[in-house]
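Peer 1: No letters, just coordinates:
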């Protein structure tokens, strides 16, 4: 018996990650309605970030090899906690495509998405939950997994605050 359509037929496209995924910001375990959209693995922003990380790794490997050839012990550069936090903020902002509109205060103006505004929010230690949520979201591979249109039961990732686009 031949199928009349491609339903149930696996193709290589089925393995593609989503181009973007949305994280809903939580406040004390409650959804806020404020969403952040992040670039997926194949998005140009993510590719540029991955290329930058690869170039940095090549430089480090070269320095290690040069030290070994010269009979010296290679020592990684020291990094302060503030430098590590700044790197993490850069990691988040480089993948952030945008966010839904919101206001800083009930009567205040909207706070539009810009990279500078994102850095301001992420650097505010009083809002550490947003920083942590964004890092965790980007570490979660399932955040960028496309959902099947024919799935009968929600996957564990669908029960979280993320959705793929």
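Peer 2: Received, thanks. Nothing here was measured: the structure is a model prediction, and the numbers come from that model.

Peer 1: Let me see the backbone angles for residue 72.
Peer 2: Phi and psi for residue 72, reported as degrees, to the nearest 10, are phi -110, psi 150.

Peer 1: what about it, neighbour count?
Peer 2: Residue 72: 9 surrounding residues under other C-beta atoms under 10 Å. From N, CA and C alone the C-beta is placed, and that goes for glycine too.

Peer 1: buried stuff in the longest helix belonging to the chain?
Peer 2: As assigned by DSSP state H, the longest helix anywhere in the chain is helix 44-69. For helix 44-69, burial by neighbour count (16 or more other C-beta atoms under 10 Å) applies to 45-46, 49.

Peer 1: In terms of secondary structure, what does it contact?
Peer 2: helix 81-95 (3 or more C-beta pairs under 8 Å, 6 or more residues apart in numbering; DSSP states H and E).

Peer 1: Compute the inter-axis angle for the helix it packs on and helix 44-69.
Peer 2: 140 degrees (axes from the mean of the first three to the mean of the last three C-alpha atoms, to 10 degrees).

Peer 1: what's helix 81-95 packed up against?
Peer 2: Applying 3+ C-beta pairs under 8 Å, 6+ apart, we find helix 81-95 packed against helix 44-69, helix 115-123, helix 128-139.

Peer 1: Residue 74 belongs to a strand?
Peer 2: No. Using DSSP: H, G, I helix; E, B strand; the rest coil, the secondary structure at residue 74 is coil, not a strand.

Peer 1: got the phi/psi numbers for it?
Peer 2: Dihedral angles (degrees, to the nearest 10) for residue 74: phi -80, psi 130.

Peer 1: quick one: the residue nearest to it when sequence neighbours are not counted from residue 79, how far?
Peer 2: With sequence-adjacent residues excluded and distances taken as C-beta to C-beta, 6 or more residues apart in numbering, residue 74 is closest to residue 67, at 3.9 Å. Separation of residue 67 from residue 79 (C-beta to C-beta, to the nearest Å) stands at 18 Å.

Peer 1: I am finished for the moment; much appreciated.
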